[in-house]
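Participant: Here is my input, please return the structure:
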Amino acid sequence: MTIIKKKIAYAALIIAGFFTFAGSAWYLTFAPTPYQVTQEQLDGYFTYPPQNTPNWQQSALDKTNYEFTYRSFDGEVVHGRIRYPQPLVDISEPIPVMIGAHGMGRSQIRWFQDSFKGRPTVESVDKIAEQALHHGYAVISIDARNHGQRKDPDYTIADVMGDLHYWGKRGPYEAMIRDTVRDHRVLLDWIVKQPQFDSKRINIAGYSMGAQVSLLLASVDSRISDVAAVVPPHADDTTALVSPSNFLAGLSDNKVWLVTGDDDEYASIEENESFFNGIPSKNKKHLRFDSGHILPAHYVAQLVSWF
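Facilitator: Numbers count the residues shown, from 1 in each chain. Down below sits the predicted model:
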């Protein structure tokens, strides 16, 4: 029995050694690695051809709610929704706008409903939208690339993230974030031409991936004024072209509120503090909560003065 046990232990060591070697080989071969980008690359990454006629189509759901579509810079159809604080016909002077950017795996509808298909809006972004409406803002949200009504069944979000984390294929992920930001820039082209909106008071709030998009959009487009970035995931130089840390200089003139959880699995306390300290704006605030990536619902009450 002793000999048999020794053989079993020896075999177990060999197997463990094999998997350790295989894992190390995989990591060295496929794991995403940091890379450097030039300022010229950063400056040009979110540019887009001007859209004079985005083919805006809109239908009323009721007196204050509208669904819309438009064609983005590359011909892609973008789906979204607008909610006004009062019937559009009663708006006599330009009102401010809050754009809501949703998280990964979610859709624009989360900004307008407390649940969708029986699943609650645990991020409570619908409550942020309610606050905005209470303060006289119109709320606008669109589906990100490969989300909501724009999902690609042949290459899902799970595929995008699997390729990034397991095979080091960062291109699809970076393109998804980049083109979502550019879709928002085309949206801004439309907003600033509408007489019912105050083009000097366009703010954006985003949760998780939406916070990442919000920070990037505000940094590259001066038409965005204030930013509320709620639990943005830490993005390092393995995806340098869509890492907000590389675009901080563009936030010098914005009011920026960063809202984070101290036990967030996607961004540590140290990463969040480092990011906040790097924001060059003098008008900034960091709200921290004792939670993970899903913040307690009462965090929304702390955003009242952001409006």
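
Participant: okay, CA-based contacts and neighbour counts for the rest of this
Facilitator: Will do.

Participant: helix or strand right after the strand or helix carrying E273?
Facilitator: If you go by DSSP states H and E, E273 is part of helix 269-278. As assigned by DSSP H and E, the chain's next helix or strand after helix 269-278 is strand 284-289.

Participant: Tell me if I'm right that L216 and S245 touch.
Facilitator: No - if you go by CA atoms under 8 Å, L216 and S245 don't touch, sitting 9.2 Å apart.

Participant: the more surrounded of those two?
Facilitator: L216 (24 against 21; other CA atoms under 10 Å).

Participant: how near is the more buried one to D253?
Facilitator: In this view, L216 and D253 are 14 Å apart by CA to CA, to the nearest Å.

Participant: just to revisit the earlier point, pull out the buried positions in the helix holding E273.
Facilitator: Residues N272, F276 are the ones in helix 269-278 that count as buried (16 or more other CA atoms under 10 Å).

Participant: if I pick the closest residue to L287 other than its chain neighbours, what's in contact with it?
Facilitator: Take L287 and drop its neighbours on the chain: the residue closest to it by CA to CA, 6 or more residues apart in numbering is V259, 4.7 Å away. V259 makes contacts with A228, A229, V230, V231, H286, L287, R288, F289, as judged by CA atoms under 8 Å, 6 or more residues apart in numbering.

Participant: Narrow the residues you listed to those that are buried.
Facilitator: Among these, those scoring as buried are A228, A229, V230, V231, R288, F289 (criterion: 16+ other CA under 10 Å).

Participant: for these, which one is nearest D263?
Facilitator: F289 (8.6 Å; CA to CA).

Participant: Would you enumerate the residues in contact with the closest one?
Facilitator: V259, T260, G261, D262, L295, P296, Y299.

Participant: The same query, at a cut-off of 10 Å, please.
Facilitator: V259, T260, G261, D262, D263, D264, L295, P296, H298, Y299 (CA atoms under 10 Å, 6 or more residues apart in numbering).

Participant: who are the neighbours in contact with the residue nearest to the spatial centre of the chain?
Facilitator: Taking CA atoms, centre = their mean, the centroid of the chain lies closest to G210, which sits 1.8 Å from it. Taking CA under 10 Å, 6+ apart, we find G210 in contact with 100-104, 106, 144, 177, 180-181, 204, 216, 229-233.

Participant: Let's verify it: helix, strand, or coil?
Facilitator: Put simply, G210 is helix when judged by DSSP: H, G, I helix; E, B strand; the rest coil.
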